[in-house]
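Undergrad: Sequence plus predicted model, see below.
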Amino acid sequence: MAADGLIHRSAVALRALRAEMAVRETLPERRRRVLDGTVHALKPDSMDADYAARTLIDYDSATPHVVIAVGELHAPTQVTWQIAGMAMGPAQAAWGAAREAAQLHREQRHLGAVRPLVLSWQGYHPPSPLGVLSSRIAARAGERLAEHVWTTLLLWQCTGAGRGAGTALDPWRSLEAHSYGVPVAVRALGLLALWSRTRLERTVPSAGRIDALVLSGSVGAPHHWWGTVSALAERSERGLHRGPRVTEIRARRDLLAPLGRVLSGRRRVPVDTAQGGQIVQAGSPASPESGLIPAVGHDTHGGRGYRDPGTVSLRAIAGATQN
């Protein structure tokens, strides 16, 4: 069963976590921060009581590579990988990133998702403010993300062959990325598209399929990275699978996103409205009856951040990750 694979990975990760807890005082400071943040994120009383339980899936404080699951492990109908951006690595914000995954999971359930699973992927040390202008860290992090997504999807795909997307064993798949997480996600998408044609094309042709890409505070991606995604779009017997549906969320007064694109030379990820993609102006007030507030600035938190509860942006992100 697919869940058995995740449960086994969780058991391995928990053993690694407990082993480090036993020698915490001997660890370097950065690894201690990863350990402490992860332990805090997993505590049942560390977040609001109506958030779903958190489960550790992968743990390596040295790399670092921390994956915390929120929601349905056994038979999810949709899976969302949430990728953090600048200043949100596991050494800085393991608990904060896991909380944002819990907030998205709750919003997905509010919109009617049956058995959603959100995976908080914290797999790299985010760059410094100047380092954001380079895509080298994103390239390496994207490779790590792609490998994690690939192996995780195989758990469902190998047991759900012949079923439709969104069923229990072939969940709808989304990548949700903020800020510097955007080039990380785009790099991963290109590799997944390539591997879908080269690694197991004959036996599991859609193992690397991603159905939706949701971006917020986007600092863009190298043009040739998205070109790779487009060029290697999976071909099936039914014709051309044109890659993931892209949704971009934009907040009011988010000055860092366009500045990051201009100074780095990266470009916006194209949004194809003919394929269902959309650009959401989350900085505009919603209808009064919705009770939602606009998103302001570049952050994901702080009351009006992209992933804050009660914002137009979080509602749009949750909706964009639905089938």
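TA: Arrived safely, thanks for sending.

Undergrad: contacting residues for L292?
TA: Residues near L292 by CB atoms under 8 Å, 6 or more residues apart in numbering: A286, G310, T311, V312, R315. (Each C-beta comes from the backbone N, C-alpha and C, glycine too.)

Undergrad: As CSV, those with pLDDT, secondary structure and neighbour count would be great.
TA: Converted to CSV, the contacts of L292 look like this (pLDDT from 0 to 100; DSSP: H, G, I helix; E, B strand; the rest coil; neighbours: other CB atoms under 10 Å):
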residue, pLDDT, secondary structure, neighbour count
A286, 72, coil, 15
G310, 95, coil, 15
T311, 96, strand, 26
V312, 95, helix, 24
R315, 96, helix, 21
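
Undergrad: Pick the one among those residues closest to Q122.
TA: Nearest to Q122 among those is T311, at 22.1 Å by CB to CB.

Undergrad: Give the full set of residues in contact with that closest one.
TA: A282, L292, I293, P294, A295, R304, G305 are the contacts of T311 under CB under 8 Å, 6+ apart.

Undergrad: gap between the third one and A274?
TA: Meaning I293. Shown here: I293 relative to A274, a distance of 31 Å by CB to CB, to the nearest Å.

Undergrad: show me where the stretch 101-250 of the chain has strands.
TA: With strands called from DSSP state E, counting those that start in this stretch, the stretch 101-250 of the chain shows them at 116-122, 172-178, 212-216, 235-236, 239-240, 245-250.

Undergrad: Out of those strands, indicate the one that is most buried.
TA: strand 116-122 (a mean of 29; mean count of other CB atoms under 10 Å).

Undergrad: Can you show me the helices along the stretch 1-150 of the chain?
TA: Listed in chain order, the helices of the stretch 1-150 of the chain (DSSP state H, counting those that start in this stretch) span 2-22, 29-42, 90-110, 136-157.

Undergrad: gap between the third one and the chain center?
TA: Think helix 90-110. 10 Å (CA atoms, centre = their mean, to the nearest Å).

Undergrad: Ok, the last one next?
TA: For helix 136-157, the separation from the chain centroid amounts to 11 Å (computed by CA atoms, centre = their mean).

Undergrad: ok, back up a step: farthest-separated two in the contacts of L292?
TA: Using CB to CB, the pair of the contacts of L292 lying farthest apart is A286 and G310, separated by 10.1 Å.

Undergrad: Overlap in contacts, these two.
TA: Residues touching both A286 and G310 by CB under 8 Å, 6+ apart: L292, I293.

Undergrad: Return the set of buried residues in stretch 105-113.
TA: Within stretch 105-113, the residues scored as buried using 16 or more other CB atoms under 10 Å are H105, R106, E107, Q108, R109, A113.

Undergrad: sorry, that was for stretch 308-323
TA: The neighbour-count check on stretch 308-323 (16+ other CB under 10 Å) flags 308-309, 311-318, 320-322 as buried.

Undergrad: Alpha carbons of it, in CSV - could you do that?
TA: Extracted in CSV, the C-alpha atoms of stretch 308-323 (Å, rounded to 0.1, in the frame of the first residue of the first chain):
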residue,chain,number,x,y,z
ASP,A,308,-2.3,33.9,6.4
PRO,A,309,-5.8,32.7,7.3
GLY,A,310,-8.6,34.9,6.3
THR,A,311,-6.8,36.4,3.3
VAL,A,312,-7.9,36.5,-0.3
SER,A,313,-4.5,35.0,-1.1
LEU,A,314,-4.8,31.8,1.0
ARG,A,315,-8.3,31.2,-0.3
ALA,A,316,-7.0,31.6,-3.9
ILE,A,317,-4.1,29.2,-3.1
ALA,A,318,-6.4,26.6,-1.7
GLY,A,319,-8.7,26.9,-4.6
ALA,A,320,-5.9,26.6,-7.2
THR,A,321,-4.7,23.4,-5.6
GLN,A,322,-8.1,21.7,-6.1
ASN,A,323,-8.9,19.5,-9.0
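
Undergrad: quick one on the thing from earlier: okay, the contacts of T311 in CSV with secondary structure next?
TA: Formatted as CSV, the contacts of T311 follow (DSSP: H, G, I helix; E, B strand; the rest coil):
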residue, secondary structure
A282, coil
L292, coil
I293, strand
P294, coil
A295, coil
R304, coil
G305, coil
